[in-house]
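Undergrad: What follows is a predicted structure for the sequence shown.
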Amino acid sequence: MLDCILSTVKQAGEICLKSFQKIEAAEIHYKSTVDMVTDVDLSVQRFLKERFTEKFPEITFLGEEGEEPVEEGPQGLFIVDPLDGTTSYVQGLPFYCVSVAYRIRGKTQLGVVYASNSRRPLCGELPLFFRP
């Protein structure tokens with residue numbers, strides 16, 4: 001599972017990188033007076049949702065951008081921030097990443113954070129059936 005998620009997150013990071021320092025004002029929208037969302041946020045979220053739904057159809061998906069609240073399904077939940085650090089991204093600063101977590105039975109089991117500028121992923125995984 002981790003390898004598939006990591007591969008997908010790296011592809012999402014490449015989508016971010018293609019538009020980095022090229023974003024136009026028309027591609028920036030505001031969710032509130034200070035909270036921005038870009039067309040890149042939205043396209044990366046669509047990409048991740050499509051890929052994860054295709055590979056893991058039994059796992060529900062919750063994305064930061066414009067999604068209704070989603071309940072964790074019996075096989076877990078992906079929690080996604082498609083462009084974590086949108087403000088930095090819009091300002092042309094390389095301090096952004098794609099962030100994905102996998103939660104099952106209310107506990108986060110896996111996380112991947114990918115900074116496409118450095119092409120360095122940070123990953124963590126707990127045993128899925130660990131019982132304290």
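TA: Perfect, I can see it now.

Undergrad: count of neighbours near the closest residue to residue 13 other than its chain neighbours?
TA: In space, and not counting its chain neighbours, residue 13 is closest to residue 116: 3.2 Å by C-beta to C-beta, 6 or more residues apart in numbering. Just so you know, the C-beta spots here come from the backbone N, C-alpha and C atoms, and that holds for glycine as well. Residue 116 has 23 neighbours, counted by other C-beta atoms under 10 Å.

Undergrad: Which residues are in contact with residue 116?
TA: For residue 116, the contacting residues are 10, 13-14, 16-17, 20, 96-98, by C-beta atoms under 8 Å, 6 or more residues apart in numbering.

Undergrad: Narrow those to just the buried residues.
TA: For the contacts of residue 116, a burial check counting by 16 or more other C-beta atoms under 10 Å picks out 13, 16-17, 96-98.

Undergrad: and the lowest-mean-pLDDT helix or strand in the chain, what does it pack onto?
TA: Lowest by mean pLDDT, DSSP states H and E among the helices and strands of the chain is strand 120-125, with a mean of 76. For strand 120-125, the packing partners by 3 or more C-beta pairs under 8 Å, 6 or more residues apart in numbering; DSSP states H and E come out as helix 2-19, strand 107-115.
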